Every structure is written in C-alpha cells, then in structure tokens.
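K.L.:
missing the sequence, but the structure's below:
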C-alpha cells in the first residue's frame, strides 16, 4: 500500500527532481562538467588581478587573489541564482501546462542549483586559505547566515524577474546586464573602505554590500561582519523577498494562459 505524501513532501520531492534534472542537463556532453562552476569565479579573479596591477586596487593587507576570490564565490552564487530564476517559468512551460504544481518551486530550484556552484567554488576557496596559511576562526560560523541572507535576496529578485519575464522575454535578456552593473556597485573587486564617505550611506542601501563585505570579513580577516550593515542587508532582503514573492503570486495564476 502506497503512502500518500503531504503537500510539503510533494513540494520537496518535486524540487529534488527538478534540481536533479537540471544539473544533469547542464553538464551533459560537457568535457569539464561541474568544473565550470569553479572556472567562472576563477576567470573573474584573474581579470580583477590584472586590473589591480594596473590601477593599484587596495586589498586591506590580504593577498589580492584571496581578497577578490573570497568575494567572488558568494557573488557568483548570487549571479547564477538570479540568472537561473529569470527564465525558470518559461523553460518549464510544458510542465506547468500539464500539472498543477506550486510555481515557486521553479525559482527555488534555480537558487538550489546555484548553491551547488557555491559549494564547488567554496572548496577552492578553502584550499586557498590553506595555501596562504590563513587561520580559521570561530567567526566562520557566520557563513551559513550570510549565505541564507544572500539566497533570500536572490530568490526575491529572481521571483520578481521570473514573473515579469513570463510576459516579456526582454527581462530575461536584460538580467545579465543588470547584474553586471550590480557587480560594479558591490565591493567585490575593491574594498568597502575605498568608497567615498559622502556616498557611503546611499551605497550601503545595496544589500549585497553587507553580505559580500561580511563574507570577506569572516573568511579573509577572521573577524565578525559589521552587524549594523548586515542587519540593514537582511532588512532590505526581507522587503525585496516579500515584494518579489507578492508579485510572483499575483501573476502566477495567469502563467499557464500566457505560456
């Protein structure tokens, strides 16, 4: 006799199936396979390393390779999560038309897949810490908190874009450009301390600032993240998530008709 799954178990089972399907499809007929998850932040790190040698970007006393890569790992997760969310409804149009499934599972699946990239690149970052003999401190316990907050922000932004992209594909095409500008407005290639004081208040309204600076603080410098900055980032992330989820829920009832 088969046991009937409750709605939460059905959601989890569907999420797991989608993640397994998309991960398999992503690396099918790929020579490097999952190593692509590592190459993206590594190549950006090399680019930033070249720029730092040209314009002398400060790295707060840390080796610039480690300084930049510690920020690129979480940024790549954020970038890939949103880029994966944007077309998540349109690419699953066939499934949406055949089955009554909770629409949120598709953007959540994209964020989950990006978490795989975070773990892969994080393993390289851990190796770098050993190479540069960086001491591990108890402040590393902040990492799950920072990843959760960044994931919440990515899901909120991703659901908002996915909802709009269902009606206009232009939003999918515009997302990489948006994220490119967002990268420049986040202390990934440069330290937060290099931002002019007169712009700091406005600059810190970017929630990724608190997360990326927090990752760098606990990993590279062995200190706790700036609590006030992190609290601001969490507050804005929660607001973005509520708005994104609200728009997604409001428009999701028409997805099947539009698709």
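P.N.:
Arrived safely. In this text, all values refer to a predicted model and were calculated from it rather than measured experimentally.

K.L.:
Tell me the secondary structure at the most centrally placed residue in the chain.
P.N.:
Nearest residue to the geometric centre of the chain (Cα atoms, centre = their mean): residue 78, 1.5 Å. The local conformation at residue 78, judged by DSSP: H, G, I helix; E, B strand; the rest coil, is helix.

K.L.:
Skipping adjacent residues, who's closest to it in space?
P.N.:
Nearest non-adjacent residue to residue 78, counting by Cβ to Cβ, 6 or more residues apart in numbering: residue 154, 5.1 Å away. Any C-beta I mention is one placed from the backbone N, CA and C, and that applies to glycine too.

K.L.:
That neighbour sits in which helix or strand?
P.N.:
Take DSSP states H and E as the rule and residue 154 turns out to sit in helix 143-167.

K.L.:
now for that helix, which elements pack on it?
P.N.:
helix 64-85, helix 105-131, helix 170-184, helix 207-219, helix 227-252, helix 255-258 (3 or more Cβ pairs under 8 Å, 6 or more residues apart in numbering; DSSP states H and E).

K.L.:
Any idea how far stretch 212-220 is from the middle of the chain?
P.N.:
15 Å (Cα atoms, centre = their mean, to the nearest Å).

K.L.:
wait, stretch 182-196
P.N.:
On Cα atoms, centre = their mean, the centre of stretch 182-196 falls 17 Å from the chain's centre.

K.L.:
Buried residues, that stretch. List them.
P.N.:
By 16 or more other Cβ atoms under 10 Å, the buried positions in stretch 182-196 come out as 182-183, 186-192, 195.

K.L.:
Out of the residues you listed, flag the one nearest to residue 123.
P.N.:
residue 188 (19.7 Å; Cβ to Cβ).

K.L.:
ok now do the closest one, which residues does it touch?
P.N.:
Contact analysis of residue 188 by Cβ atoms under 8 Å, 6 or more residues apart in numbering lists 48, 68, 71-72, 75, 212.

K.L.:
Swap in 6 Å and give it another go.
P.N.:
Taking Cβ atoms under 6 Å, 6 or more residues apart in numbering, we find residue 188 in contact with 71, 75, 212.

K.L.:
and which of those residues is nearest to residue 9?
P.N.:
residue 75 (33.8 Å).

K.L.:
and residue 58, how many neighbours?
P.N.:
When neighbours are defined as other Cβ atoms under 10 Å, residue 58 has 13 of them.

K.L.:
pLDDT wise, what is it at?
P.N.:
We have a pLDDT of 88 for residue 58.

K.L.:
can you offset everything so residue one is 20?
P.N.:
In the new count, where the first residue is 20, that last one comes out as residue 77.

K.L.:
Ramachandran angles for residue 210?
P.N.:
Backbone torsions of residue 210, given as degrees, to the nearest 10, read phi -80, psi 160.

K.L.:
Distance of it relative to residue 255?
P.N.:
Distance of residue 210 to residue 255, computed by Cβ to Cβ, to the nearest Å: 21 Å.

K.L.:
picking that back up, averaged pLDDT, the helix holding residue 173. What do you get?
P.N.:
Averaged across helix 162-186, the pLDDT comes to 96.

K.L.:
For it, list every residue counted as buried.
P.N.:
Per 16+ other Cβ under 10 Å, helix 162-186 contains these buried residues: 165-166, 168-185.

K.L.:
so how far is the helix or strand of the chain with the lowest mean pLDDT off the chain centroid?
P.N.:
Taking mean pLDDT, DSSP states H and E as the measure, the helix or strand of the chain with the lowest value is helix 274-277, at a mean of 76. A distance of 28 Å separates the centroid of the chain from that of helix 274-277, by Cα atoms, centre = their mean.

K.L.:
Kindly report the same for stretch 142-154.
P.N.:
Put simply, stretch 142-154 sits 22 Å off its chain's centre (Cα atoms, centre = their mean).

K.L.:
Please apply the same query to stretch 122-137.
P.N.:
On Cα atoms, centre = their mean, the centre of stretch 122-137 falls 10 Å from that of its chain.
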